[in-house]
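> Predicted model and sequence below, questions to follow.
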Amino acid sequence: TQLLEQSPQFLSIQEGENLTVYCNSSSVFSSLQWYRQEPGEGPVLLVTVVTGGEVKKLKRLTFQFGDARKDSSLHITAAQPGDTGLYLCAGDKASGGSYIPTFGRGTSLIVHP
Amino acid sequence: DTGVSQDPRHKITKRGQNVTFRCDPISEHNRLYWYRQTLGQGPEFLTYFQNEAQLEKSRLLSDRFSAERPKGSFSTLEIQRTEQGDSAMYLCASSNAGDTEAFFGQGTRLTVV
């Protein structure tokens, strides 16, 4: 069982469309990170959300942390081909007093010109 | 410092051979993580170090895998007697203790033939 469930798993859209991807869990997280990964590369950190209900914006990307800090969403406005990639959410899993970033399976986004 | 560096970027090896990968973290980071990622999956945690101490190992880390961080700076991940199932992207990340954000290298793509 995945600690973090991401949906949808795949998304193929046209340039200019809006989209939302989701990251859900039954666990409460102290923080949650969103990464974007391109084929053959490592994940690149986009944002960290910490406070329940928090909303952060990064240009056309809007990230929201759920009030109960169990879920998060990423909304992209007017998607561009450059937004294509694997979007991963990660939460800190407590293990023996330490916190280890634990990932969902990701949402694979393709934006067609 | 330009970020987390991994070497090599790609490795093709024959089944049964040993391979070793290197990771140089961001210099001021005291935590170093190793992850494995296969197609269609998010990164799966393997192990992590705080300074030179290996504090956590996943059940994914079989006895053919060993990781070291002898001086608390760079780390190596060795796989002995490689199997085809070891083919994956091996990712290294670093962070500061107490920080929830981990920064990734570009990964080492291992192909076992």
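The structure has been received and is ready for your questions. Numbering: from 1, shown residues only, chains lettered A, B, ... in the order given.
> Flag every residue of chain B that's near chain A.
B:4, B:6, B:33, B:35, B:40-45, B:48, B:50, B:55-56, B:91, B:93, B:95, B:100-107, B:109 (Cβ under 8 Å from any Cβ of the partner chain). Any C-beta I mention is one placed from the backbone N, CA and C, and that applies to glycine too.
> And those residues, which of them are buried?
Among these, those scoring as buried are B:4, B:6, B:33, B:35, B:41-45, B:48, B:50, B:56, B:91, B:93, B:95, B:100-107, B:109 (criterion: 16 or more other Cβ atoms under 10 Å in any protein chain shown).
> Give me the local confidence score for the spatially most central residue of chain B.
The structure's chain B has its C-alpha centroid closest to residue B:34; by Cα atoms, centre = their mean the separation is 3.4 Å. In this model, residue B:34 is scored at 97, pLDDT.
> where does it land in three-state SS?
At residue B:34 the chain is in strand, as set by DSSP: H, G, I helix; E, B strand; the rest coil.
> wait, it sits on residue B:23?
Yes: Residue B:34 is within contact range of residue B:23, at 7.4 Å (criterion: Cβ atoms under 8 Å).
> Find residues that contact each of the two.
Shared contacts of residue B:34 and residue B:23, defined by Cβ atoms under 8 Å, 6 or more residues apart in numbering or on different chains, are found at B:75, B:77, B:92.
> of those residues, closest to chain A?
Chain A has its nearest neighbour among those in residue B:92, at 8.1 Å by Cβ to the nearest Cβ.
> The closest one: neighbour count?
29 (other Cβ atoms under 10 Å in any protein chain shown).
> Mind listing the strands the helix or strand that it is a member of pairs with, and their directions?
Following DSSP states H and E, one finds residue B:92 within strand B:88-95. If you go by DSSP bridges, strand B:88-95 pairs up with strand B:31-37 (antiparallel), strand B:103-104 (antiparallel), strand B:108-112 (antiparallel).
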